[in-house]
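Novice: model the structure of this input:
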Amino acid sequence: MVTTTITLDGGKIITAHHQGHDIITDQPEAGGGTNSAPAPFDLFLASIGTCAGIYVKSFCDQRGIPTENIKIIQSVDYDMQKRLPSKIKLDIQLPVDFPEKYRNAVLSAADLCAVKRAIADPPVFEVVTSLVD
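Specialist: A predicted model of the protein is given here:
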């Protein structure tokens, strides 16, 4: 089991202490925060694109394909009634000299993203309270 400790650090700043890293979040000013860090939902969305990115990077590295000119542009459409994403698009922008034979395979590599797979097959959430001294 992997555990993360979340601390409420004043104002709207919330920090996740995870495996030696402090992941700080805040809310935008319109949400009562100081916009000193990404909002939690922004980190969630960024995790999708960065996860796809690591799979694309690994795919290219294994084949000796340079990655300096590869970008992933992530766009999100929202269902305004639910206030949730309705569509997340990842546009993997490849340089013109990217090998033709790997263009479809790089899509398959990005599709392996563990964050995307976790959304597609969501875990069970259990929220409890406990009292501590």
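
Novice: alpha carbons only for contacts and neighbour counts from here, please
Specialist: Will do.

Novice: distance of residue 92 relative to residue 115?
Specialist: Residue 92 is 17 Å from residue 115, where distance means Cα to Cα, to the nearest Å.

Novice: ok, now residue 45?
Specialist: 10 Å.

Novice: and those two? which has more neighbours close in?
Specialist: Counted by other Cα atoms under 10 Å, residue 45 and residue 115 do not tie: residue 115 has more neighbours, with 19 against 16.

Novice: what residues does that one make contact with?
Specialist: When contacts are counted by Cα atoms under 8 Å, 6 or more residues apart in numbering, residue 115 touches 47, 48, 51.

Novice: identify, from the residues you listed, the entry nearest to residue 21.
Specialist: Using Cα to Cα, the shortest approach to residue 21 within those belongs to residue 47, at 15.3 Å.

Novice: how about that closest one, what does it touch?
Specialist: Counting by Cα under 8 Å, 6+ apart, residue 47 touches residue 115.

Novice: helix, strand, or coil at it?
Specialist: The three-state label for residue 47, taken from DSSP: H, G, I helix; E, B strand; the rest coil, comes out as helix.

Novice: mind listing the helices for this protein?
Specialist: When assigned using DSSP state H, the helices of the chain occupy the ranges 40-63, 103-111, 114-120.

Novice: could you dump those to TSV with distance to residue 29?
Specialist: What follows is the helices of the chain, written out as TSV (distance: least, Cα to Cα, whole Å):
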stretch	distance to residue 29
helix 40-63	14
helix 103-111	34
helix 114-120	28
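
Novice: next, format those as JSON lines and append mean pLDDT and distance to residue 2.
Specialist: JSON lines is the format used below for the helices of the chain (pLDDT from 0 to 100; distance: least, Cα to Cα, whole Å):
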{"stretch": "helix 40-63", "mean pLDDT": "97", "distance to residue 2": "18"}
{"stretch": "helix 103-111", "mean pLDDT": "96", "distance to residue 2": "24"}
{"stretch": "helix 114-120", "mean pLDDT": "94", "distance to residue 2": "16"}
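
Novice: who wins for proximity to residue 133 among the ones you listed?
Specialist: Taking Cα to Cα, helix 40-63 is the member of the helices of the chain nearest to residue 133, at 28.2 Å.
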